[in-house]
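Visitor: from the sequence below, what's the structure:
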Amino acid sequence: MEKFLTCYDYGTGGIWRYIIADSVQQILIKYPEVEVVDSIPKWMNQDVINKINDLAVNIEDNDNDFFNAIVAERK
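Guide: Okay, here's the model as predicted:
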């Protein structure tokens, strides 16, 4: 499994997370609302990267608040 930097844009901002998954396709199939980014944005300093890294979630964690919030928005 690899770690992918993602952003969930909720309209007035975005939530950044590293998602641990087998592939980008696995993320986009399960959570099409999430954008997988190829590179770290220039505005993102090392402190922000470290915080996002600490919040990394496995795509198989169905009890995760981040994933649950995305699914709740679908309804």
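Visitor: so how far is Asn68 from the residue of the chain most remote from its centre?
Guide: Farthest-out residue of the chain from its mean C-alpha position, per C-alpha atoms, centre = their mean: Lys75, at 19.6 Å. From Lys75 over to Asn68 the distance is 11 Å, taken as C-beta to C-beta, to the nearest Å. For every residue, glycine as well, the C-beta is placed using N, CA and C.
Visitor: list the buried residues in stretch 65-72.
Guide: For stretch 65-72, the neighbour count (16 or more other C-beta atoms under 10 Å) marks 66-67, 70 as buried.
Visitor: bridging residues for the residue nearest to Val37 when sequence neighbours are not counted?
Guide: Nearest non-adjacent residue to Val37, counting by C-beta to C-beta, 6 or more residues apart in numbering: Leu5, 5.1 Å away. For Leu5, the beta-bridge partners under DSSP bridges are Tyr18.
Visitor: ends of stretch 8-21, how far apart?
Guide: End-to-end distance for stretch 8-21, by C-alpha to C-alpha, to the nearest Å: 16 Å.
Visitor: mind listing what's buried in it?
Guide: So stretch 8-21, judged by 16+ other C-beta under 10 Å, has buried residues 8, 16-21.
Visitor: just the residues contacting that stretch, thanks.
Guide: 1-7, 27, 31, 33-36, 44, 48, 52-53, 55-59, 66, 70, 73 (C-beta atoms under 8 Å, 6 or more residues apart in numbering).
Visitor: ChimeraX command for the buried members of those residues?
Guide: A single ChimeraX command selects the buried members of the contacts of stretch 8-21 (16+ other C-beta under 10 Å):
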select :4,5,6,27,31,34,36,52,57,59,66,70
